[in-house]
Each structure stands twice: as C-alpha cells, then as structure tokens.
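In: Sequence first, then the predicted structure:
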Amino acid sequence: MAKPLVPDDLWAAVAPLLPPERPKPRGGRPRLSGRAVLTGIVFVLTTGTAWERLPVEMGCGAGMTCWRRLRDWQEAGVWSRLHRVLLERLQAAEAIDWSRAALDSASIGAKKGGAEIGPNPTDRGKPGTKRHLVTDARGTPLGLTLSGANRHDSRMLAATLDAVPRVRTGGRGRPRRRPGKLHADKAYDHRRCRQECRAWGVTPRIARRGIKSSQRLGKHRWVIERTFAWLNRFRRLAIRYERRADIHLAFTTLACALVCLNQIRRFC
C-alpha cells in the first residue's frame, strides 16, 4: 500500500497552525479541507508536476486552489512556524546537535525569471537562484535564505544565521538558536564573515584560501551536502519554476520541515 502524502503526524503538526476560515455570510460552496489541499501541495512538491495536472482522483481540488492556499499560508507564516515547531520537538528530545553547524549554498536554474534570480557564473550566465542553508551537526536544516545565483556566498552568511528560528528547549531558559561552531568552505574566507560569526557568539571554522586544505573540515561539512541531497529529492526544487520568490521559499521551507519530520521519526 502506498504511503499517504500527508500522514497523521504531519497533519497533527500543521492543523493547529492554519489560519481560521473566513466567514461566508452570503453562503457559497464549502471550502476544501486543509488536509486535502496540503495533499495536493505535497504532491506537487514531491513529484514536480504542474499545478494544472493534479490528479482529480486525489480529491485535492484544482491546482489553482492549492496554489492560492500555498500562497496564503506562506503569507500567514504557516511554513516557517511548522519548521520551528518540528525543530522544537527535536530539541525536546535532545536530537539537535548545537555543538557544530555547517553552512553552504547550492544553485539551481530558474526557467521563468522573477525575484531573487541572477546570472549563474558557474552555468554560462544562465538565470538561477541560490539556496543558502545552515544545518546542525546531524544535517537537520536550521535556517534558509534565497538569493540570486550571482550573489557571493559570503554576503549571505549573516542573513542565513539570522534565519535560524528561536527554538524553545521545553524547560526554563532562553530559546536556543546559536551553534557552538560554524563550519564553512573557502568561499566564506573573509574577515567580515569571521566577525559576523563572533558577533553571533559562534566560533568560526572556515577553510583558508591558499593556506590549508578543506579536507579536514570536510568531516564536519559533509552533512550539509547530504541535506542538499535530501532537498533535491523533492522534484519541484530541482529547478525553480516559480516567478514569485515567496512561492519558491514556501516550497523550500516546507521541504525543510519534511526533512525535520523524518529526523523526528529517526531520532525520537
């Protein structure tokens, strides 16, 4: 039997975060259930299919209905809150390793243009988007930002660290959001990056250009490469088809939340 696209544990995490339904004083057709719409959204994210090709037999409504709900939930902050809630579950089970974090970026093609897109210097200047990601020592995605493909990695270090949500520990004390050390490759070998890390209270472990090899740091940074591979399993993220940056960010944040859910099943 095929696994459900929206299992019970995922729906239990999403349902309390959804905004209330708007009243309809003049009546009208009943609103499609949130779980059915989420099924359509996850199906598009997983398979990469076009919105208008959503199978009717899935019962998730029209593709435009799912797209509008994805947009509205992004504006309401549902996906970012879902990511934070799942991180808090991992933190409550002591399954987030804050001792080390890894930071890196990956570029993808952008077929239709739009915001947060620039000429990719590694792909003959074709338009592309760059994902900047920071993970814990186990590869759990903590923070995410987007930029044009021509944006230098070092310019996004502070913004990516700032994208890490405040994760409550479940007990007394302040929420946690700072790793002990940050591992990064030679693209971040700038005084500015080290100063930004120290301003955050994070010890930088950045490979130096022309001084030493990155191989020793690779034993700590390989986890983020694996996380990028996990994200690439979501076919909708292999190439950016969305003109709107907020829609692509919604898909990517949801994918990070699903990775966190898999980490919960693995470690909790």
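Out: Arrived safely, thanks for sending.
In: Let me see the ranges of the helices in the stretch 51-200 of the chain.
Out: 63-75, 78-92, 157-162, 191-199 (DSSP state H, counting those that start in this stretch).
In: most neighbours per residue, which of the ones you listed?
Out: helix 78-92 (a mean of 21; mean count of other CB atoms under 10 Å). Just so you know, the C-beta spots here come from the backbone N, C-alpha and C atoms, and that holds for glycine as well.
In: before we move on, back to that, turn the helices of the stretch 51-200 of the chain into a markdown table, columns for mean pLDDT and distance to Leu182.
Out: A markdown table is the format used below for the helices of the stretch 51-200 of the chain (pLDDT from 0 to 100; distance: least, CB to CB, whole Å):
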| stretch | mean pLDDT | distance to Leu182 |
| --- | --- | --- |
| helix 63-75 | 96 | 28 |
| helix 78-92 | 96 | 17 |
| helix 157-162 | 96 | 8 |
| helix 191-199 | 96 | 5 |
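In: between those helices, which gets nearest to Asp8?
Out: helix 78-92 (14.6 Å; CB to CB).
In: if we can go back for a sec, possible to save the helices of the stretch 51-200 of the chain as TSV with distance to Cys268?
Out: Below are these laid out as TSV (distance: least, CB to CB, whole Å):
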stretch	distance to Cys268
helix 63-75	25
helix 78-92	7
helix 157-162	26
helix 191-199	30
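In: Kindly state which of those helices is positioned closest to Gly210.
Out: helix 191-199 (15.2 Å).
In: helices or strands up against whatever helix or strand comes next after the closest one?
Out: Moving toward the C-terminus from helix 191-199, the next helix or strand (DSSP states H and E) is strand 203-206. For strand 203-206, the packing partners by 3 or more CB pairs under 8 Å, 6 or more residues apart in numbering; DSSP states H and E come out as strand 181-184, helix 191-199.
In: Centre of the chain to the first one, how far?
Out: Just to be clear, that refers to strand 181-184. Chain-centre distance of strand 181-184: 19 Å, with CA atoms, centre = their mean, to the nearest Å.
In: Run me through the strand neighbours of it, direction for each.
Out: strand 100-109 (parallel), strand 203-206 (parallel) (DSSP bridges).
In: Leu157 is nearest to which of the helices and strands packed on strand 203-206?
Out: helix 191-199 (5.0 Å).
In: The closest one vs strand 100-109, what angle?
Out: 130 degrees (axes from the mean of the first three to the mean of the last three CA atoms, to 10 degrees).
In: So which residues make contact with helix 191-199?
Out: 154, 157-158, 161, 182, 184, 203-204, 206 (CB atoms under 8 Å, 6 or more residues apart in numbering).
In: from the middle of its chain, how far away would it be?
Out: Worked out by CA atoms, centre = their mean, helix 191-199 lies 24 Å from the chain centre.
In: Can you lay out the helices and strands packed on strand 203-206 as JSON lines showing distance to Gly77?
Out: Formatted as JSON lines, those follow (distance: least, CB to CB, whole Å):
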{"stretch": "strand 181-184", "distance to Gly77": "26"}
{"stretch": "helix 191-199", "distance to Gly77": "26"}
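In: quick one, which of these is nearest to Pro23?
Out: Once the helices and strands packed on strand 203-206 are compared by CB to CB, helix 191-199 is nearest, at 46.9 Å.
In: before we move on, back to that, considering the contacts of helix 191-199, which is situated nearest to Arg84?
Out: Closest to Arg84, out of all of the contacts of helix 191-199 and judged by CB to CB, is Leu161, at 15.5 Å.
In: residues in contact with that closest one?
Out: By CB under 8 Å, 6+ apart, Leu161 lies in contact with 103, 134, 143, 182, 196-197, 200, 202.
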